[in-house]
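> Structure here, sequence nowhere to be found:
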C-alpha cells in the first residue's frame, strides 16, 4: 500500500487531487491510500511514519505548507514532499526542506502522474532488500540499501555496510550477481559501489562512506553515465 497525505484547505483543489488519483488507479494496478487534511497543523499533528508522499498546499490558514514541511522534517528527513501552488507563488524556500517538486494549480494529470511515479520509485528503492552473504559455515542477511560498497582484497571479499564490514566467503562476482537489480556499479575490479552512497566524484576516485575508491579508466565513462541516469531518477 502506497500512502499519500494531502494538506489542502480548498475543497475544490482537494477534490481535483482525488479525481486525478482515481484516474491513475484506473490506469494502473497500484494500491494507494489518500489521507486528507484541511491545513498544515492538522497534517503535522496526525502525521504517521507510513506516509510515502506528502502533497502540501503552500497557502493555507492556521499553518501554511512551508511551516508544516519544516515541522515534518524535524522528525522525518526522507519522506517526499511536493508543494501545490498557484502561478507566481513558487517558493524557493521549498527546496530548503528538500521538496521533490511543485505542482502548479490547477494540477494537470500529466504532472500529477509524474510526481506519483517518482515517489513510488523512491519508496521502492527504500524498501528493505535482504541479500544472503555466505560466511564459511553460516549465512548472514544484509539489507542492500545499507551496503556502501563491496571490496575484494587478496581473494577475500568484504561487504562494507552502514553497520560495519561483513566478511564474505564468496567471490566478488557472486555478490555482484545478487545485487544486479539494485543501484550498484563495478567501478574497479576490486570495488563494487552503491550509487546511493556516493558522496563525491574526483577525476580518479569515488568517495563512498568517507573512503576514496579508485575508478578504472576503462570503466569511468560507463560509470558516469550510469550515475547521471540514477541521479536523474532520484531528484
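Nice, thanks for sending it over. Because the structure is a prediction, the values reported are computed rather than measured. Residues are numbered from 1 along each chain as shown.

> buried residues in the one helix or strand residue 219 maps to?
In this structure, residue 219 is located in helix 217-234 according to DSSP states H and E. Neighbour-count burial for helix 217-234 flags 219, 220, 223, 226, 227 (criterion: 16 or more other CB atoms under 10 Å). C-beta: built from backbone N, CA, C; applies to glycine.

> Who are the contact partners of the second one?
Taking CB atoms under 8 Å, 6 or more residues apart in numbering as the definition of contact, the neighbours of residue 220 are residue 187.

> follow-up on the earlier one: could you dump the buried residues of helix 217-234 into a markdown table and include pLDDT and distance to residue 140?
Formatted as a markdown table, the buried residues of helix 217-234 follow (pLDDT from 0 to 100; distance: CB to CB, whole Å):
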| residue | pLDDT | distance to residue 140 |
| --- | --- | --- |
| 219 | 96 | 29 |
| 220 | 95 | 33 |
| 223 | 96 | 28 |
| 226 | 94 | 28 |
| 227 | 91 | 29 |
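
> Specify which member of those is nearest to residue 75.
residue 227 (30.7 Å; CB to CB).

> Next one: that closest one relative to residue 195, how far apart?
6 Å (CB to CB, to the nearest Å).

> can you list residues touching both of these two?
residue 185.

> next one: the helix holding residue 219 to chain centre, how far?
Relative to the chain's own centre, helix 217-234 is displaced by 17 Å; criterion: CA atoms, centre = their mean, to the nearest Å.

> got it, and stretch 16-24?
23 Å.

> Domain boundaries for this structure, per the record?
2-126, 130-234 (automatic domain parsing).

> what ranges of this structure fall below the confidence cut-off?
87-95, 232-235 (pLDDT under 70).

> can you tell me which residue is nearest the centre of it?
residue 122 (3.6 Å; CA atoms, centre = their mean).

> Can you tell me the element it falls in?
helix 109-126.

> Output the contacting helices and strands for that helix.
strand 2-7, helix 11-27, strand 53-57, strand 101-104, helix 217-234 (3 or more CB pairs under 8 Å, 6 or more residues apart in numbering; DSSP states H and E).
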